[in-house]
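**Student:** would you be able to build a 3D model of this:
(one chain, ligands or ions: 2)
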Amino acid sequence: MNMPLNPEQTTCFMIKTITPATALRGELSSLPPDKSIAHRAALFASVAKGESVIRNYSAAEDPQSTLSCLRDLGVPVETDGSTVIIRAKGRKTFSPVRQLIDCGNSGTTMRLLSGLVAGAGLDVTLTGDASLSSRPMKRIMDPLGLMGAQIASSDKNRPPLQFASHKGLRAIDYTLPMASAQVKSCVLLAGLFADGETRVTETLPSRDHTERMLGLETDFNADGSRVLKSSREFEVLPQQLKIPNDISAAAFWMVAASIIPGSEIVLRGVGINPSRSAVITILQRMGADIRVSVPPEASTSTTVGEPLADITIKSAKLSATDLLETEIPNAIDEIPVLAVAMAFAEGKSTVRKAAELRAKECDRIAAVAEMLQKAGLNIKEYADGFDVSGSRSNACQAADYSSHHDHRIAMAAAVLSLKADAPSTIHDADCAAISYPTFFRDLESLRS
Ligand SMILES: O=C(O)C1=C[C@@H](OP(=O)(O)O)[C@@H](O)[C@H](O)C1
Ligand SMILES: C=C(OP(=O)(O)O)C(=O)O
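**Tutor:** Ligands and ions are numbered 1, 2, ... in the order given. Now for the predicted structure:
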């Protein structure tokens, strides 16, 4: 049973009403801890030898799914408030206590855990909720299959994924077909169990937490593409870290403060890993007033090379922008709320080469288009993205939104609703707890 660290996680409301805001002011020092780093810290701890102590672990549903999967795989996971302690015995820690392992709504859990499960040759099935069960897994089944893993899926390479024991994995030299930190990490984690050196080449950089936190060796090809390496000989050290707060959660307040006149919000202790912080540079390029300052205690934090900062945002006059291809993977989870910023920026903004958005918790291109259209705003949808024709003086009508059971859509719709002329409603808004259990409470605390 997955015990929430935070009682708010169990809060249940189907329809949330959001009233317009005149200004948002205040400070948030307890944003949710970074979800990507949390998953990795727990997964890496489970194949390290010794005691890992992970502080500031997220109470959100996705990182809690990772802990419950590890428990079901026999990994001794203890919690003390927001601290997670894992005492593991290296690559041999796993000893499944059940066959069906539920990854909930979390794509990162399923794809990264697949690397470990395949590596360890476990006879288990990874399953998930309806949303996760519709997400593509061929992207990990292909490279893991090349390594010798035995994986069956019931329906068109979608979960559940049934793993079977095998004769041992062999290393591969693999070029990622898409910019995906999940696929990159999956292959590198399987490589920790394989015979030989596994090499993963990425032509378009994605978030680098895996290589950074594990301390993996990196090479560069002549064309500038990066090659990450892992092997059975690589020693995974126990994780000792305090997780920084999540820039993907902070992004909602960056946009909200920017577009609501008279706002000023301070966000404390936010992770600003350069492979995650394009949302800041994109908004600054649009004219946002965002100041990033490194607090003195940041230099002494044990965030394994994961930089953090305080971020101050004041409302500003925004102008349109075109996202660069290299910015897409770096800002992928922030694009729904960036689309809201674009609607109130002067001119036409473009987001293209972003078809990956269609493979998230819902089809985020279709969901963003539906959301802006319901608000009476101007968006044109393409197969791989959208254009938003915005205006600083745009009128935004109140609407009745669906979250499509996607936390980022629920929260983006809430930010959009703050600009409306009357209260709006969001159906299934409580799915925000997948990444940000206190989102609506934080929103109320910022209203002046
Ligand atoms: O590796 C990770 O922690 C993540 C990678 C991204 O997915 P992809 O690898 O599919 O791009 C991102 O959308 C997801 O929220 C978290
Ligand atoms: C896409 C996301 O997560 P995941 O792929 O882990 O479900 C997200 O958090 O926006």
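**Student:** drop to CA atoms for contacts and neighbour counts, all remaining ones
**Tutor:** Noted.
**Student:** what strand or helix carries residue 36?
**Tutor:** helix 35-45 (DSSP states H and E).
**Student:** that helix and ligand 1 in contact?
**Tutor:** Yes: when contact is scored as Cα under 6 Å from any ligand atom, part of helix 35-45 falls within range of ligand 1: residue 36.
**Student:** what helices or strands is that helix leaning on?
**Tutor:** Helices and strands touching helix 35-45, by 3 or more Cα pairs under 8 Å, 6 or more residues apart in numbering; DSSP states H and E, are strand 49-55, helix 61-72, strand 83-89, helix 107-120, helix 209-214.
**Student:** which one of those lies closest to residue 336?
**Tutor:** Ranking these by their distance to residue 336 (criterion: Cα to Cα) puts helix 107-120 first, at 17.6 Å.
**Student:** what mean pLDDT does that closest one have?
**Tutor:** Average pLDDT, helix 107-120: 98.
**Student:** related to what we said a few turns ago, mean neighbour count and distance to ligand 2 for the helices and strands packed on helix 35-45 - can I get that in a markdown table?
**Tutor:** Putting those into a markdown table (neighbours: other Cα atoms under 10 Å; distance: least, Cα to the nearest ligand atom, whole Å) gives the following:
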| stretch | mean neighbour count | distance to ligand 2 |
| --- | --- | --- |
| strand 49-55 | 21 | 19 |
| helix 61-72 | 25 | 7 |
| strand 83-89 | 21 | 19 |
| helix 107-120 | 26 | 4 |
| helix 209-214 | 19 | 14 |
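**Student:** returning to what we had before: touching ligand 2 at all, the helix holding residue 36?
**Tutor:** No: under the criterion of Cα under 6 Å from any ligand atom, helix 35-45 makes no contact with ligand 2; the nearest approach is 7.6 Å.
**Student:** restrict that helix to CA atoms and write it as CSV.
**Tutor:** Included here for helix 35-45 are C-alpha records, laid out as CSV according to Å, rounded to 0.1, in the frame of the first residue of the first chain:
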residue,chain,number,x,y,z
LYS,A,35,10.1,14.6,-9.3
SER,A,36,12.7,13.5,-11.9
ILE,A,37,15.5,13.6,-9.2
ALA,A,38,13.3,11.8,-6.6
HIS,A,39,12.5,8.9,-9.0
ARG,A,40,16.2,8.5,-9.8
ALA,A,41,17.5,8.9,-6.2
ALA,A,42,15.2,6.0,-5.1
LEU,A,43,15.9,3.8,-8.1
PHE,A,44,19.7,4.3,-7.9
ALA,A,45,19.7,3.7,-4.2
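**Student:** rounded mean pLDDT for that helix, please.
**Tutor:** For helix 35-45, the mean per-residue pLDDT is 98.
**Student:** what residues does the stretch 201-350 of the chain have near ligand 2?
**Tutor:** Counting by Cα under 6 Å from any ligand atom, the residues of the stretch 201-350 of the chain near ligand 2 are residue 333.
**Student:** okay, the residue in the stretch 201-350 of the chain that ligand 2 sits nearest to and ligand 1: tell me how far apart.
**Tutor:** The stretch 201-350 of the chain approaches ligand 2 most closely through residue 333 (4.7 Å), counting by Cα to the nearest ligand atom. As judged by Cα to the nearest ligand atom, to the nearest Å, residue 333 and ligand 1 stand 5 Å apart.
**Student:** do you know how far that residue is from residue 153?
**Tutor:** In this structure, residue 333 and residue 153 are 27 Å apart, going by Cα to Cα, to the nearest Å.
**Student:** quick one on the thing from earlier: how far does the helix holding residue 36 sit from the chain's center?
**Tutor:** Between the mean C-alpha point of helix 35-45 and the mean C-alpha point of its chain there is a distance of 12 Å (Cα atoms, centre = their mean, to the nearest Å).
**Student:** okay, the angle between that helix and strand 49-55?
**Tutor:** Using axes from the mean of the first three to the mean of the last three Cα atoms, to 10 degrees, the inter-axis angle of helix 35-45 relative to strand 49-55 is 160 degrees.
**Student:** wait, isn't the residue of the stretch 201-350 of the chain closest to ligand 2 in contact with residue 248?
**Tutor:** Yes: in this structure, residue 333 is within contact of residue 248 by Cα atoms under 8 Å, at 6.6 Å.
**Student:** neighbour-wise, which of those two wins?
**Tutor:** Taking other Cα atoms under 10 Å, residue 333 and residue 248 do not tie; residue 248 has more neighbours (27 against 20).
**Student:** name the residues of the helix or strand of the chain with the lowest mean pLDDT that come out as buried.
**Tutor:** The helix or strand with the lowest mean pLDDT-type score in the chain, counting by mean pLDDT, DSSP states H and E, is strand 150-155 (a mean of 90). Of the residues in strand 150-155, 150-153 count as buried by neighbour count, 16 or more other Cα atoms under 10 Å.
**Student:** cool, and stretch 307-315?
**Tutor:** For stretch 307-315, the neighbour count (16+ other Cα under 10 Å) marks 307-315 as buried.
**Student:** what residue of the protein is the furthest out?
**Tutor:** In the chain, the residue that sits farthest from the middle, by Cα atoms, centre = their mean, is residue 167; the gap is 33.5 Å.
**Student:** so how far is the least confident helix or strand of the chain off the chain centroid?
**Tutor:** The mean C-alpha position of strand 150-155 is separated from the chain mean by 25 Å, Cα atoms, centre = their mean.
**Student:** which other helices and strands contact that strand?
**Tutor:** Taking 3+ Cα pairs under 8 Å, 6+ apart as the contact definition, the neighbouring helices and strands of strand 150-155 are strand 158-164.
**Student:** so the strand it packs on versus strand 150-155, what angle?
**Tutor:** Between the axis of strand 158-164 and that of strand 150-155 there is an angle of 150 degrees, by the same axes, to 10 degrees.
**Student:** after strand 158-164, which helix or strand is next?
**Tutor:** Downstream of strand 158-164, the first helix or strand assigned by DSSP H and E is strand 173-175.
**Student:** and the helix or strand just after that next one, what does it pack against?
**Tutor:** Counting by DSSP H and E, the element after strand 173-175 in chain order, helix or strand, is helix 181-191. Packing contacts for helix 181-191, counted by 3+ Cα pairs under 8 Å, 6+ apart, involve helix 107-120, helix 138-146, strand 197-202, strand 226-231.
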